[in-house]
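Chemist: generate a structure from the sequence data that follows.
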Amino acid sequence: MSLDLLAPTPASAAARAASATAAEPRRDTATSWRERTAAIAGLDGPVAAIDIDALRYNALDLVVRSSGVPIRVASKSIRVREVLDAALALPGYRGILAFTLPEALWLAETHDDIVLGYPTVDRAALAALAADAQAASRITLMVDDLAQLDVVDAVAAPASRAEIRVAIHADASWRAPVLGHIGVRRSPVHDAAEVARLARGIAHRPGFRLVGLMMYEAQIAGQPDDTGSGDAVIRWMQRRSGQELLDRRGAIVAALRDIAPLEFVNGGGTGSLESTASDLAVTETTAGSGLLAGHLFDGYRAFTPAPAAAFALDVVRKPTPDIATVLGGGWIASGPAVASRQPLPVWPQGLHTLGREGAGEVQTPLQGEAARGLRVGDKVWFRHAKSGELAERVDRYHLTSGDRLVGEAATYRGEGKAFL
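Modeler: Next comes the predicted model:
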């Protein structure tokens with residue numbers, strides 16, 4: 001099917017009523033999960049599914065939160081072309097933030113505005129980019145070091161290739177007094193002088209054109225502030241970091257505009273759309289995780305995403321009356337090896353993994369009062385911690401609306417692609 005997020009879907013009366021009520025954004029109620037279970041009743045596990053009504057809600061809510069600033073879709077948080085295309089068809093979305101150059105080359109066959117979110121030294125992909133004038137006009141490489149340009153030149157000399165579009169990734173972390181570095185470790189250029197020095201180096205290199213700037217404030221966008229643990233400290237940090245970034249990003253943009261005409265200034269993520277969009281130096285935001293809503297995005301004050309993507313596993317054994325064991329389950333998210341990276345059992349309510357086993361490669365025992373009511377052959381719903389990584393485990397998502405199965409969409413894996 002062709003996924004149209006502005007078109008109504010054939011759902012049950014209960015689902016239509018729920019999706020029509022803006023006051024009920026988080027549709028992980030008993031009714032919703034029972035309907036999803038009914039929709040996939042004829043399928044064998046594991047079943048990965050996307051609830052279209054929840055996806056629609058999230059997509060439109062992100063547009064509202066971005067306050068008219070265009071949203072670039074982060075493909076790593078989706079990894080399903082049909083969902084990417086559906087989001088980009090909505091007013092308020094523009095362009096893709098890709099995560100590898102081979103992926104960008106593939107997407108550039110049908111999309112004309114792709115920014116690579118990370119530097120690349122993939123020589124084969126760079127050779128393909130250099131030899132394809134159309135792809136080179138559609139793809140922007142990300143750099144934070146002139147050494148990355150050296151790799152491009154070593155693959156194809158400037159005189160022998162199409163002009164390469166590049167953007168600078170400047171560090172958006174907060175170098176807090178006394179506390180030190182707060183944020184992720186990415187770009188080595190942090191202040192306006194460092195970024196301008198890199199920009200001048202790019203401007204003086206034949207065969208390259210500087211067209212943009214990206215600054216991703218992970219300490220704001222990727223840090224929940226409503227978890228019930230240390231929230232006051234997190235909110236203080238985010239306020240201070242946000243003010244510092246507002247001043248520094250403005251200075252960086254002013255310095256760059258004296259060197260090259262920028263086509264875009266990209267910032268933020270799902271967790272920071274409001275604050276990032278309010279920065280007058282920013283011309284576009286980025287979001288992706290908020291569309292499918294992995295459970296890491298549950299703990300924010302500013303928004304409440306609907307759990308659009310989930311997966312269901314089959315109960316295959318009952319070792320004790322209060323333990324139900326499902327086949328598989330060890331779909332752990334990347335990042336620090338902590339409990340929050342495990343998949344979260346969400347239906348039936350009241351299940352939890354065992355401390356000594358967790359989510360296992362082959363099986364996952366689940367304990368709790370709800371396990372007493374589960375029988376061999378029943379299904380248990382889980383939510384992945386991250387939004388895009390679930391797609392690496394399955395070849396398709398089944399699409400549901402209310403209690404009906406309405407289609408399916410191939411993942412990158414289902415299209416025979418494994419980029420990273």
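Chemist: flag every buried residue along stretch 74-92.
Modeler: For stretch 74-92, the neighbour count (16 or more other CB atoms under 10 Å) marks 74-88, 90, 92 as buried. For glycine as for every other residue, the C-beta is placed from the backbone atoms N, C-alpha and C.
Chemist: just those residues: which are in strands?
Modeler: Among the buried residues of stretch 74-92, the ones falling in strands (DSSP state E) are Ala74.
Chemist: so Pro91 sits against Val63, correct?
Modeler: Yes - the pair Pro91 and Val63 passes the contact test of CB atoms under 8 Å, sitting 7.3 Å apart.
Chemist: send the alpha carbons of stretch 65-78 over as PDB?
Modeler: Presented in PDB, the C-alpha positions along stretch 65-78 are these (Å, rounded to 0.1, in the frame of the first residue of the first chain):
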ATOM      1  CA  ARG A  65       6.200  21.500  18.000                       C
ATOM      2  CA  SER A  66       8.500  22.700  15.300                       C
ATOM      3  CA  SER A  67       6.400  25.900  15.000                       C
ATOM      4  CA  GLY A  68       6.700  26.300  11.200                       C
ATOM      5  CA  VAL A  69      10.400  25.500  11.000                       C
ATOM      6  CA  PRO A  70      10.800  22.700   8.400                       C
ATOM      7  CA  ILE A  71      11.700  19.200   9.800                       C
ATOM      8  CA  ARG A  72      14.400  17.100   8.200                       C
ATOM      9  CA  VAL A  73      13.600  13.400   8.800                       C
ATOM     10  CA  ALA A  74      16.400  11.400  10.400                       C
ATOM     11  CA  SER A  75      16.400   8.100   8.400                       C
ATOM     12  CA  LYS A  76      18.300   6.100  11.000                       C
ATOM     13  CA  SER A  77      15.300   6.400  13.300                       C
ATOM     14  CA  ILE A  78      12.900   5.100  10.600                       C
END
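Chemist: show me how far that stretch is from its chain's centre.
Modeler: Computed by CA atoms, centre = their mean, to the nearest Å, the separation of stretch 65-78 from the middle of its chain amounts to 9 Å.
Chemist: likewise for stretch 114-131?
Modeler: Its chain's C-alpha centre and that of stretch 114-131 lie 21 Å apart, by CA atoms, centre = their mean.
Chemist: show me what the longest strand seen in the chain is packed against.
Modeler: When the chain is parsed with DSSP E, its longest strand is strand 309-320. Packing partners of strand 309-320 (3 or more CB pairs under 8 Å, 6 or more residues apart in numbering; DSSP states H and E): helix 30-39, strand 47-51, strand 323-327, strand 363-367, strand 379-383.
Chemist: swap the cut-off to 6 Å and go again
Modeler: When contacts are defined as 3 or more CB pairs under 6 Å, 6 or more residues apart in numbering; DSSP states H and E, strand 309-320 sits against strand 47-51, strand 323-327, strand 379-383.
Chemist: now do the strands in the stretch 101-250 of the chain.
Modeler: Along the stretch 101-250 of the chain, counting by DSSP state E, counting those that start in this stretch, strands occupy 114-116, 139-143, 164-169, 174-176, 180-182, 208-215.
Chemist: save the ones you listed as a markdown table, and put in mean neighbour count too.
Modeler: Shown next, in a markdown table, are the strands of the stretch 101-250 of the chain (neighbours: other CB atoms under 10 Å):
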| stretch | mean neighbour count |
| --- | --- |
| strand 114-116 | 25 |
| strand 139-143 | 25 |
| strand 164-169 | 24 |
| strand 174-176 | 18 |
| strand 180-182 | 13 |
| strand 208-215 | 22 |
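Chemist: would you list these in a markdown table and tack on mean pLDDT and distance to Gly288?
Modeler: Putting the strands of the stretch 101-250 of the chain into a markdown table (pLDDT from 0 to 100; distance: least, CB to CB, whole Å) gives the following:
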| stretch | mean pLDDT | distance to Gly288 |
| --- | --- | --- |
| strand 114-116 | 98 | 13 |
| strand 139-143 | 98 | 16 |
| strand 164-169 | 98 | 17 |
| strand 174-176 | 86 | 23 |
| strand 180-182 | 87 | 23 |
| strand 208-215 | 97 | 14 |
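Chemist: out of those, nearest to His295?
Modeler: Closest to His295 of the strands of the stretch 101-250 of the chain is strand 180-182 (CB to CB; 23.8 Å).
Chemist: and the closest one, how far out from the chain's middle?
Modeler: Strand 180-182 sits 24 Å away from the centroid of its parent chain (CA atoms, centre = their mean).
Chemist: what pairs with it, parallel or antiparallel?
Modeler: Partner strands for strand 180-182, per DSSP bridges, with pairing direction: strand 174-176 (antiparallel).
Chemist: which outside residues touch the partner strand?
Modeler: Applying CB atoms under 6 Å, 6 or more residues apart in numbering, the external contacts of strand 174-176 come out as His181, Ile182, Gly183, Ser241, Glu244.
Chemist: most widely separated two among those?
Modeler: By the measure CB to CB, His181 and Glu244 form the most distant pair in these, at 12.8 Å.
Chemist: could I get the strands of the stretch 101-250 of the chain as CSV with distance to Leu273?
Modeler: As requested, these are arranged in CSV below (distance: least, CB to CB, whole Å):
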stretch, distance to Leu273
strand 114-116, 17
strand 139-143, 21
strand 164-169, 19
strand 174-176, 19
strand 180-182, 20
strand 208-215, 14
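Chemist: can you point out the buried residues in the helix or strand that Ala59 is a member of?
Modeler: For Ala59, the host element (DSSP states H and E) is helix 52-65. Residues of helix 52-65 classed as buried by neighbour count (16+ other CB under 10 Å): 52-63, 65.
Chemist: run through the neighbouring helices and strands of that helix.
Modeler: Under the contact criterion of 3+ CB pairs under 6 Å, 6+ apart, helix 52-65 touches helix 289-292, strand 396-401.
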